[in-house]
Structures are given as structure tokens and as C-alpha cells.
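Novice: Output the structure for:
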Amino acid sequence: MPQVSLTRAELYQLVWAAPLKRVAAQFGIAGARLAQLCDAHHVPRPDQGHWTRLELGKPVRVHPLPAPPAGVPQAVPIPSKPPTASKEEAAPPRAAAVAPKLQVAERLVRPHPLVAEWIAAREQQVRKKDKVYDTRLKRLVMPMPLTPADRRRLRLADAIFKAVEKQGVQVKKGDRRELLMERGGEQLTFQLRYRLKRGQRQLTADELRWRGADTQKWVYELYETDALVFEIKTWLPRGTRTEWEDSKRATLEQQLDDIVAGIMTAFPALEQLRREREEERRRSEIAARERRERENARRLDAARFRRLLELASAWREAELARAFLAALRERLPPGSPPVAGIETTDWLAWAERKVDEHDRLGSDPGSILESIAEVTLWTYPGE
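Specialist: A predicted model of the protein is given here:
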């Protein structure tokens, strides 16, 4: 039986771009058979009701493509002939069940507002005949009238914009004139550009004079080809397709359904990514708060111990002062003359009061614990 070989990544892109039955029909096999191949090669599939929820604009869960377990090959062989179909499977499908292919208009009759703006801007630049800076080529270029390739690009952009806006997506320019698609608070940046190639260009006579006679006669430059590339520039989870381009196998016109499906798949992927980042940020904030609380508890404990040491030092100093006063009282002769007009007995009484105030253990033991409890993180600033 003839077979078609796909990589796991290619199969993953297909089953997340369209319903399983529609993808299976492209290979002429039953949807159940394609589901078996996905499961056998560990390629995740959308959950039940995924496409209905997506159509209604409700959030969906996108399962990333995991690395293959040991022994699971990267290539997925798919039979090109269907298995024996049951009566239900053999019955002709309803017309409403087959979605029509998106088409690119042959002429821009009522272009999308952004496309109309681009056309008007180009016509104005051509009339002014002033050079404009090309951000892709990174140099000044003379604006030219729209070529057939330019008109094809505009028609493709018009078809993509109108197709996604029918599914609730808003297409607009950002604050830095970047192109945005927005739905449900999620944004993605994109571009529809010509493929660039690097080639040699001979220097002009003026360039040779300016650069000097010893310089090389040519330079490498980028130039545009007629091939188009549609690219989602916003970072998406691994395994999500972000680029489609003209190739020998298919033009962008032929990939229009896949492009629109890829855009619509990107929004739930972005939402899931945002939720994961918010959850990670929440966990980080909780961890940071717990670290701060542990550090504050450590600092408060150290400050209270410092207060305890201060009170213990005051007690030691008071004990030393009492011993000193006792020795002083023994050595003072009876009837000692007043000092600074104050009797000796008054001086000794004053000293004893100050010692008692300094020694809280002797004067008010209960206040010691109260003093320790009153310590805060700001009692000893700078520590």
C-alpha cells in the first residue's frame, strides 16, 4: 500500500490546523486511523470540543509537541489508501460539513482599510519622487509604482485580513507602526514580506572615488525576490508554526487556509503562554514574599538579642558601679567637706539612684522582657 511520510512536527502542525477528519481526508484515510497514528508516535491532538470552542471564541488548551520517547521514530508513515469504510463512512458527506477553501480575489475592489492605506501611501510617495527608507533593505530607495508582485502581496494581505476578522480578530497597526492581530486581549505581530537574498553589486564610479582606489569593486547587499513569506513574529511555544512561504510545492494562495488556521491556533497558544507566565510570576512573588518574611524574622530576632545583650551589659555595669560606690564610701573620711557646694552624702545618694536606673534587673525586672518585645525592625536602622 503506498505511503506518505511526514515528520512528527509536520503531523502536529496539520492536526492543530484543522479538524482531524478533514486532515485525514487529505490522505484518504479515516479520522480514527489518523488518531491511532498520532497516539502511536506521541503527537498530541486537540481535546474534544476544541474546534467548537475555538469557533465560539472561547479559550482552548494547546498541548505542545513533546520530545519522542526512546524507540519512537521521527518519521510517521501514513497509508494513502483508506481502510474499508463502514456504511456511515461511505455515505457522501453533507455539503455543510465541508468548509470552502479561502480564495484570493483577482482584483482589489473593496480592499481592507490597511491595504487601502498602503496603496494610497505608495501613490503619494511616487508622486513626491522622494527617496524613502526601506526598513528591510536598510537603505534609501526610490519609490516605484505598484508592480504585479506588489499587487499580489496586497491581494494576499487583503484575503488574510478579511478571513481572520470574520473570526473575531482585529487587524491594526501598533504604536511603532508594526502590524498587529488582536483577539481576546492577546496580540501577535506579523509581516507579509518578500523573501530576501544576498547578492553582489558592482560599486558605482562615485562609490569607488569615495571608498578609494584600493577597495574591492563590489559589495554584498540584500535584494527582494518575488517569493512571498507570511511570518508571525511574536514568540510562540515550541512546535507552533509561525512561517509560510512560496515554494515549488505550494504558493501562499494555496496555503491560505493553513495560514488562517495557524493564526487562529496562535491565539490560544498565546493565552496559554500568558497564563503560564502569570502563574510563574505569581509563584515567584510568593517565593520572594516568603524570603522577605524569613529575612525580617531573622533581623527581628537579631535585634531583640542585641537589646538583651545591652540590658545584660547595663546590669554588669551597675554591679561594677555598686562595688565602686561601696569602696568609695569606706574610703571617704567622716565629715568630708562639701564638693561643689553639695554634701558627700548627697553625692553618694545621687550615684546610687543613677545606678538603680541603669540596672533594670534590680529596679524593675518585668520591664526587661517588655523592652525586648518592643524592639522592631527599625529600632536599629542600618542593620
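
Novice: which residues of the stretch 51-200 of the chain fall in helices?
Specialist: For the stretch 51-200 of the chain, the helices defined by DSSP state H, counting those that start in this stretch occupy 87-90, 113-128, 148-165.

Novice: now those helices as CSV including mean pLDDT and distance to residue 316?
Specialist: Backbone N, C-alpha and C define where each C-beta goes, glycine included. Formatted as CSV, those follow (pLDDT from 0 to 100; distance: least, Cβ to Cβ, whole Å):
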stretch, mean pLDDT, distance to residue 316
helix 87-90, 41, 97
helix 113-128, 90, 83
helix 148-165, 93, 81
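
Novice: who wins for proximity to residue 65 among those helices?
Specialist: For residue 65, the closest of the helices of the stretch 51-200 of the chain is helix 148-165, at 23.9 Å, according to Cβ to Cβ.

Novice: what comes up buried for that closest one?
Specialist: For helix 148-165, a neighbour-count test (16 or more other Cβ atoms under 10 Å) marks 150, 152-164 as buried.

Novice: So what's the gap between stretch 164-183 and the chain middle?
Specialist: 18 Å (Cα atoms, centre = their mean, to the nearest Å).

Novice: Residue 263 in helix, strand or coil?
Specialist: Here residue 263 is helix, with the state taken from DSSP: H, G, I helix; E, B strand; the rest coil.

Novice: wait, what's in contact with the closest residue to it other than its chain neighbours?
Specialist: What sits nearest to residue 263 in space, not counting adjacent residues and going by Cβ to Cβ, 6 or more residues apart in numbering, is residue 164, at 5.5 Å. By Cβ atoms under 8 Å, 6 or more residues apart in numbering, the contact list for residue 164 reads 171, 181, 260, 263, 264.

Novice: one more time with 10 Å
Specialist: 170, 171, 181, 183, 259, 260, 263, 264, 267 (Cβ atoms under 10 Å, 6 or more residues apart in numbering).

Novice: residue boundaries of the strands in the stretch 1-150 of the chain?
Specialist: 3-7, 75-79, 132-134, 139-141 (DSSP state E, counting those that start in this stretch).

Novice: remind me which residues of the chain are low pLDDT?
Specialist: 1-3, 54-57, 80-100, 134-138, 212-215, 383 (pLDDT under 70).

Novice: any idea how far the residue of it positioned farthest from its centre lies from residue 345?
Specialist: What lies farthest from the middle of the chain is residue 335; by Cα atoms, centre = their mean that is 89.8 Å. Residue 335 sits 11 Å away from residue 345, going by Cβ to Cβ, to the nearest Å.

Novice: cool, and residue 5?
Specialist: Here residue 5 is placed at a distance of 113 Å from residue 345 (Cβ to Cβ).

Novice: repeat for residue 273
Specialist: Counting by Cβ to Cβ - residue 273 and residue 345 are separated by 86 Å.

Novice: Comparing the two, which residue is more hemmed in?
Specialist: residue 273 (19 against 12; other Cβ atoms under 10 Å).

Novice: Residue 105 contacts residue 162, correct?
Specialist: Yes - counting by Cβ atoms under 10 Å, residue 162 is a contact partner of residue 105 at 9.1 Å.

Novice: Need the residues touching each of the two.
Specialist: Common neighbours of residue 105 and residue 162 (Cβ under 10 Å, 6+ apart) are residue 111.

Novice: Where is the longest strand in the chain?
Specialist: strand 186-202 (DSSP state E).

Novice: hmm, back to that, going through the contacts of residue 164, which ones are buried?
Specialist: Neighbour counting over the contacts of residue 164 (16+ other Cβ under 10 Å) leaves 171, 181, 183, 259, 260, 263, 264, 267 as the buried ones.

Novice: How about residues contacting stretch 111-121?
Specialist: 105, 108, 110, 132, 143, 146, 150-151, 153-162, 165, 171-173, 179.

Novice: mind checking how far whatever helix or strand residue 309 lives in is from the chain centre?
Specialist: Assigned by DSSP states H and E, residue 309 falls within helix 256-331. Relative to its chain's centre, helix 256-331 lies at 29 Å (Cα atoms, centre = their mean).

Novice: OK, contacts around the closest residue to residue 150 other than its chain neighbours?
Specialist: In this structure, residue 150 finds its nearest non-sequential neighbour in residue 122, 7.7 Å apart by Cβ to Cβ, 6+ apart. Shown in contact with residue 122 (Cβ under 10 Å, 6+ apart): 132, 143, 144, 145, 146, 150, 154.

Novice: again with residue 321
Specialist: 351, 352, 354, 355, 356, 358, 359.
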